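[1] Sharing a model that was predicted from the sequence below.
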Amino acid sequence: MIDSRKSTTFANIRAELDVCDTRDVSHMVKALDNGYYKPLNNAARKIWESKYGSLSEETPSDKNDTNVGVRPPKEHGLAYGLARGVPIVLGIEELPWPRVPSLQTLGTNLIKELDNNEPNLVPSTGDPDDDKVAAAALLAKLGDPDFKGPHSLFSMECALLNDARVRPCSTSAWEGVLRETNYACDIMPAGAVRELDLEDVHQVSVLISGPRVWLLFPLSNHNLRVFMKYVSRKGKKNRISHAMMFDLLQDGLAFIQQPGETLIIPPFCLTASVSSKLSISVGNSVTLATGFVHRLQNMDLFMTQNALQDEKVRFVELAAFYGELMGDLSTILENKVSKYDARPLVRSITDIWSKAMPKICKMFTTLYPKPETAKGMQARELGRLLAGAMAEAAPNHRDDVPCWICGVAIKWNRRPVDHMIHRLGKHIVESHWEAAVSPAIMELKRKTAEDVGPDPNRRRSGRKRVKRTAIE
């Protein structure tokens, strides 16, 4: 096999990185020179797919494509990319608009959006008004590719791009899609580095201007341990620096995204990007039913990252994550996924339910710490949906209905279907929800008591001391 370090792709990546003078980039260049990364082409894609799996059963064959970027045939568009378990690059024919808007038009519309939105400026100035001023200054420089500034702007929604899209926004456009978000812009000045991050759903990124260098890593057991150690010790002594991560992560792929190209990033893929010149991308996320079990199994990754956020931001993001997770679960249990039969997926969910339930309860009790809430509407609705799916799969209405989680059989005894669903739902709530919620509540109370400390006004317990007097 040809040494990947001698590839044309790596020579071009090295040329882009050499203009960026940061510690992160120097470690990237060192790892690149040591052969730690492979160029993102179809040969590397097939190796990645064989080691870490694909999201679909079959991969359409791409002939004579081992020396080019991962660009599938034209008949395999966005739907093809979403079905893969590897990063995929689509050409300009897959743009979601009739044409790319000019930078002047885009900048004008984004500045108007600042009046109604708080910008996600990285790093933040610490003051919302100053963040808006810095964001406006960056947007005013969109036409200058060599502009270097201290801030990047992420997740900036633009009504112009969402209204002009020709690709359907409805989830009915593709098979098994639960949700698709609106488009949002990411603007990085020349020399900026976006830190390593991962998402639990597909990410789609269209580059408007650039170029932009990407490093992508699969979430293998090794990479997961390295990333969790980095996140859990972030801001503490003896921690792994962000720059050192590029020396420790394995099986990385390197790629230069050019304007007009669409990059599809699979769930739980670690990504970092470098902007050698001022670059603008437009992206959104697509949530598939096929990846839901994987999301349940790895939801603790979000909890670890979320714990490092500011308290106010942490609660808002946690509530949004939990709401989306439970909403998707309800859609799957009711078999209402567009163009997709979710009944086999329900069985896969119940197979891992005993391991996923403590994680769900930990998230639930963080949002709703009152014990009585654990027996409220959320638990009953979840039990009803699970029971309905189990009862529907019963071969007839005479035999006992087994709980797919624990195997306990509920006797049918010729009762109406609604009555059996109620009984089975009650069993699920009492045996598989409340049993998991109670330890989570006790753990939350213990941590709260440790944070608050002992009550100084509380009298010590124990035997009272009796004042003794001399007997005359």
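    Right, received. Where do you want to start?
[2] Would you mind identifying the next helix or strand past the longest helix along the chain?
    Identified as the longest helix of the chain according to DSSP state H is helix 311-333. For helix 311-333, the succeeding helix or strand toward the C-terminus, using DSSP states H and E, is helix 343-351.
[3] ok, and what's touching that following helix?
    289-290, 292-293, 296, 329, 332-333, 335, 356, 386, 389-390, 392-393, 404-405 (C-beta atoms under 8 Å, 6 or more residues apart in numbering). Glycine gets a C-beta too; all of them are placed from N, C-alpha and C.
[4] Tell me the spacing between the residue most central in space within the chain and residue 256.
    In the chain, the centroid-proximal residue (C-alpha atoms, centre = their mean) is residue 199; its distance is 2.1 Å. Note on residue 199: its distance to residue 256, by C-beta to C-beta, to the nearest Å, is 22 Å.
[5] for the stretch 251-400 of the chain, what are the low-confidence residue spans?
    Low-confidence segments of the stretch 251-400 of the chain (pLDDT under 70): 370-377, 395-399.
[6] Tell me where it has strands.
    For the stretch 251-400 of the chain, applying DSSP state E, counting those that start in this stretch gives strands covering 252-257, 262-265, 270-275, 279-288.
[7] What helices and strands are in contact with the last one?
    Under the contact criterion of 3 or more C-beta pairs under 8 Å, 6 or more residues apart in numbering; DSSP states H and E, strand 279-288 touches strand 177-180, strand 184-188, strand 202-209.
[8] what about residue 141, how many neighbours?
    Residues near residue 141, counting by other C-beta atoms under 10 Å, number 18.
[9] That one touches residue 151, doesn't it?
    No: using C-beta atoms under 8 Å, residue 141 is not in contact with residue 151; the gap is 11.1 Å.
[10] before we move on, back to that, from the contacts of helix 343-351, list just the buried residues.
    With burial judged by 16 or more other C-beta atoms under 10 Å, the buried subset of the contacts of helix 343-351 is 289-290, 292-293, 296, 329, 332-333, 356, 386, 389-390, 404-405.
[11] tell me which of these is nearest to residue 423?
    When the buried ones among the contacts of helix 343-351 are ranked by distance to residue 423 (C-beta to C-beta), residue 390 comes first, at 11.3 Å.
[12] Report the spatially closest residue to that closest one, excluding sequence-adjacent ones.
    Counting by C-beta to C-beta, 6 or more residues apart in numbering, residue 404 is the residue found nearest to residue 390 once chain neighbours are left out, at 5.6 Å.
[13] again, but for residue 384
    Nearest residue to residue 384 in three dimensions, chain neighbours excluded: residue 425, at 4.6 Å (C-beta to C-beta, 6+ apart).
[14] what about the one you found, how many neighbours?
    22.
[15] can you check residue 83 too?
    24.
[16] Likewise for the one 3 residues further on?
    For residue 86, the neighbour count with other C-beta under 10 Å is 26.
[17] likewise the one 3 residues further on?
    Using other C-beta under 10 Å, the number of residues around residue 89 comes to 22.
[18] Domains of the chain: list them as residue ranges, please.
    Split into domains by automatic domain parsing, the chain comes to 4-288, 309-451.
[19] tell me, what's touching residue 141 and residue 151 both at once?
    With C-beta under 8 Å, 6+ apart as the test, residue 141 and residue 151 both reach residue 189.
[20] where exactly do the helices run in the stretch 101-250 of the chain?
    Ranges of helices in the stretch 101-250 of the chain, per DSSP state H, counting those that start in this stretch, are 103-113, 128-139, 159-163, 221-232, 242-248.
[21] Mean neighbour count, mean pLDDT and distance to residue 206 for those - can I get that in a markdown table?
    Formatted as a markdown table, these follow (neighbours: other C-beta atoms under 10 Å; pLDDT from 0 to 100; distance: least, C-beta to C-beta, whole Å):
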| stretch | mean neighbour count | mean pLDDT | distance to residue 206 |
| --- | --- | --- | --- |
| helix 103-113 | 16 | 89 | 12 |
| helix 128-139 | 17 | 92 | 18 |
| helix 159-163 | 16 | 86 | 9 |
| helix 221-232 | 16 | 86 | 26 |
| helix 242-248 | 18 | 88 | 26 |
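[22] State the three-state secondary structure for the residue nearest to residue 390.
    coil (DSSP: H, G, I helix; E, B strand; the rest coil).
[23] Spit out the contact partners of it.
    If a contact means C-beta under 8 Å, 6+ apart, then residue 404 has 347, 350, 351, 353, 390 as its contacts.
[24] if we can go back for a sec, out of the buried ones among the contacts of helix 343-351, which comes closest to residue 203?
    Checking those against residue 203 by C-beta to C-beta gives residue 290 as the nearest, at 15.8 Å.
[25] Could you list the buried residues of stretch 19-37?
    In terms of neighbour count (16+ other C-beta under 10 Å), stretch 19-37 has its buried residues at 20, 24, 25, 27, 28, 29, 31, 32, 36, 37.
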